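Engineer: give me a model of this one.
(one chain, ligands or ions: 2)
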Amino acid sequence: MKITSAEFIMSNQDVKKCPNSGIPEYAFIGRSNVGKSSLINMLTNHKSLAKTSGRPGKTQLINHFLINKSWHLVDLPGYGYARVSKTSKAKFQKFITKYFEQRKQLISGFVLVDVRHDPQPIDVEFMEWLGESGIPFSIVFTKADKLKPKALERNVEAYKKFMTDGMWEEMPPYFITSSSDKTGREELLTYIEDINES
Ligand code: GTP
Ligand code: MG
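Structural biologist: Ligands and ions are numbered 1, 2, ... in the order given. Coordinates of the predicted model:
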């Protein structure tokens, strides 16, 4: 899919105040610093449409971006970041789960996981919660540029094995990406395009 336009629409913490048009949306979620905001910039070919940072906890609100005037990408705060104070962390968790429970426009979530790491309990628990809540999601492996091809393949295979040995009969759809070298860009955009057109 060709990206012809990408605009920031709004940021907020209240799901009820998110855009109430019925246009389809796709939301990026995952641990702080995993690369959610960077992936939005990579997909849209923008350097800083979504704000990124080397320090975890950068994105703190629900951010809507309108793509090609026809669908939304949503950048969410990360979960599982200990340095955020307990009260604000609890609030994040609540408005994040509310977002997933209440957004009727949400077509699919993308759970980002750093391809260098073993499956992390917080990601697995979040995916289980999505599954139990009947919310469709895919897995996006990030930072593929940080591994050599063999190690990359080994880690993805290990992740698949972990998922299918656990609560999932099948591995959810997944993508291997790098925001640095644009690996996975076409695959992800084609996936979204196919859903939008079906
Ligand atoms: P929060 O908003 O804090 O939850 O983080 P985030 O998930 O939005 O992460 P962000 O996109 O801000 O990226 C975090 C750090 O990882 C930044 O220093 C990015 O430059 C780096 N990063 C993100 N994606 C990649 C990638 O694909 N490859 C490499 N090498 N670095 C990446
Ligand atoms: Mg972010």
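
Engineer: got the residues of this protein near ligand 1?
Structural biologist: For the chain, the residues in contact with ligand 1 (CB under 6 Å from any ligand atom) are 32-38, 52-54, 56-59, 77-78, 142-143, 145-146, 178-180. Yep, even glycine has a C-beta here, placed from its N, CA and C like the rest.

Engineer: in strands, which of these fall?
Structural biologist: T142 (DSSP state E).

Engineer: which non-adjacent residue is nearest Q102?
Structural biologist: V15 (4.9 Å; CB to CB, 6 or more residues apart in numbering).

Engineer: list the contacts for that neighbour?
Structural biologist: 62, 95, 98-99, 102-103 (CB atoms under 8 Å, 6 or more residues apart in numbering).

Engineer: which among those residues end up buried?
Structural biologist: Buried residues within the contacts of V15, defined by neighbour count using 16 or more other CB atoms under 10 Å: 62, 95, 99, 103.

Engineer: how much space between the residue nearest to Q102 and ligand 2?
Structural biologist: Applying CB to the ion, to the nearest Å, the value for V15 to ligand 2 is 18 Å.

Engineer: which residues touch V156?
Structural biologist: If you count contacts by CB under 8 Å, 6+ apart, V156 has them with 115, 141, 174, 176.

Engineer: distance to G22 added to the residues you listed, as a markdown table?
Structural biologist: What follows is the contacts of V156, written out as a markdown table (distance: CB to CB, whole Å):
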| residue | distance to G22 |
| --- | --- |
| V115 | 34 |
| F141 | 31 |
| Y174 | 28 |
| I176 | 32 |
